[in-house]
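> sequence unknown, structure follows:
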C-alpha cells in the first residue's frame, strides 16, 4: 500500500513550490516555507487506507503561514485521482489550520489534520 507521506509531501512541494517533507529538517529556519506531512493514525484495510495526516506549515510570518495553510486545505479538499503511486478517493479536513506552538519564536507554525482515503495505483 502507498506511504501517505511519500504521496502527499512531493505533491505539496510541486503544487506550492515549498520544501515538503515527512520530518522537520534541522535547518528549518533557513528553508522556509516548509510543509511537513506526517501520518498520525487511521485504519488500513485490505485494499484501501484511510490515514489521518498532520499537515504543518512553517513560515517566516504568521500571515504567510496562515495563507499557505489555507491554500493547502482548499487544494487537498479537491484532490482526487492518481497522485505519486496512489489513487486518492477523498480528503476530509478533521481540524482546520490553527496556530501551533514552536520552539523557535522566529518560525510561525500552522497545523491541520486530514483523513485521506486512498488505494494503491
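Happy to help now that I have it. Note that the coordinates shown come from a computational prediction; the quantities given were computed from them, not determined experimentally.

> can you list contacts of the lengthiest strand in the chain?
As assigned by DSSP state E, the longest strand anywhere in the chain is strand 86-100. With contacts defined as C-beta atoms under 8 Å, 6 or more residues apart in numbering, strand 86-100 is touched by 2, 4, 7, 48, 52, 56-57, 62, 66, 69-70, 72-73, 76-77, 79-82, 108-121. Glycine gets a C-beta too; all of them are placed from N, C-alpha and C.

> okay, buried residues for the helix or strand following that strand please.
The element immediately downstream of strand 86-100 (helix or strand, assigned by DSSP states H and E) is strand 108-120. Neighbour-count burial for strand 108-120 flags 108-118 (criterion: 16 or more other C-beta atoms under 10 Å).

> go on, stretch 89-104?
Neighbour counts over stretch 89-104 (16+ other C-beta under 10 Å) mark 91, 97, 100, 102 as buried.

> state the mean pLDDT of that stretch.
Stretch 89-104 shows a mean pLDDT of 95.

> do the same with stretch 8-25
On average, stretch 8-25 scores 96.

> residue 61: how many residues sit nearby?
Residue 61 is flanked by 13 other residues according to other C-beta atoms under 10 Å.

> pull the contacting residues for it.
residue 108.
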